[in-house]
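A.B. asks: turn this into a model:
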Amino acid sequence: MPILKREPDVFPHHVFGLHQPWWVAHLRSRQEKAFARYLRLHGIAFYLPQTEKRVRRDGRTIVSSLPLFSGYAFFRGTSSDAARALRSHVVVNLLSPFDQETFDAELRQLHELQSSSGRLTLYPHLRAGDAVLITHGVFAGYRGVIQRCPDGERVIVSVSFIRQSVAVDLDRDSIQPSRDSVGFAESV
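C.D. replies: Below you'll find the model as predicted:
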């Protein structure tokens, strides 16, 4: 049972056929849908990808529709539309992608995946040098740094131990980004 009626991901339905530039709005916390409603009210084209979250409480399944990219919404328009968007009082920063063609292609692909009933799950962007926390398996609780990301779903993480580095292959599902700086291995 949905808590609220699902709001549209795109406005108008032909947003990807428009030729105005894309803008990326970095928004105040939990203001994505309010911003989309504001844009729609003012006739400004937008794309706000959403995903369903199902939670079971007291024997009932509750379905929520949440923004895929927390804190971000994408819209198309002129510089006067961008100025109008800033007047919503929920925009923290407004960015204009340098490579509009690539950005449009990426958003278009994301929308096509979404339209094909594919279940989209946000996956942390990890690359060599990123600090991570190991969340599953025998090394759960240890911290390390990604050394390299070979093809496939495996990563190699360096975990310092007595000022020595050791490498271990881990599934990407068993690690998460860590904000802590990494020095020695530590168990949490």
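A.B. asks: what about the longest helix in this protein?
C.D. replies: helix 100-115 (DSSP state H).
A.B. asks: which stretches in the protein count as strands?
C.D. replies: 10-11, 22-27, 45-47, 50-57, 60-67, 72-76, 91-95, 131-134, 143-148, 154-161, 164-171, 175-177 (DSSP state E).
A.B. asks: run the chain-centre distance for the last one.
C.D. replies: In terms of Cα atoms, centre = their mean, to the nearest Å, the gap separating the centre of strand 175-177 from the centre of its chain is 15 Å.
A.B. asks: what is it packed up against?
C.D. replies: Judged by 3 or more Cβ pairs under 8 Å, 6 or more residues apart in numbering; DSSP states H and E, strand 175-177 is in contact with strand 131-134. For every residue, glycine as well, the C-beta is placed using N, CA and C.
A.B. asks: over to the fifth one?
C.D. replies: Other helices and strands packing on strand 60-67, by 3+ Cβ pairs under 8 Å, 6+ apart, are strand 50-57.
A.B. asks: the strand it packs on pairs with which strands?
C.D. replies: Counting by DSSP bridges, the strands paired with strand 50-57 are strand 60-67 (antiparallel).
A.B. asks: need the CA coordinates for the partner strand. CSV is fine.
C.D. replies: The C-alpha coordinates for strand 60-67 follow below in CSV (Å, rounded to 0.1, in the frame of the first residue of the first chain):
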residue,chain,number,x,y,z
ARG,A,60,1.6,-4.5,6.2
THR,A,61,3.8,-3.7,3.3
ILE,A,62,4.4,0.0,2.9
VAL,A,63,5.6,1.3,-0.5
SER,A,64,7.4,4.6,-0.8
SER,A,65,8.7,6.3,-3.9
LEU,A,66,12.1,7.8,-3.2
PRO,A,67,14.4,9.9,-5.4
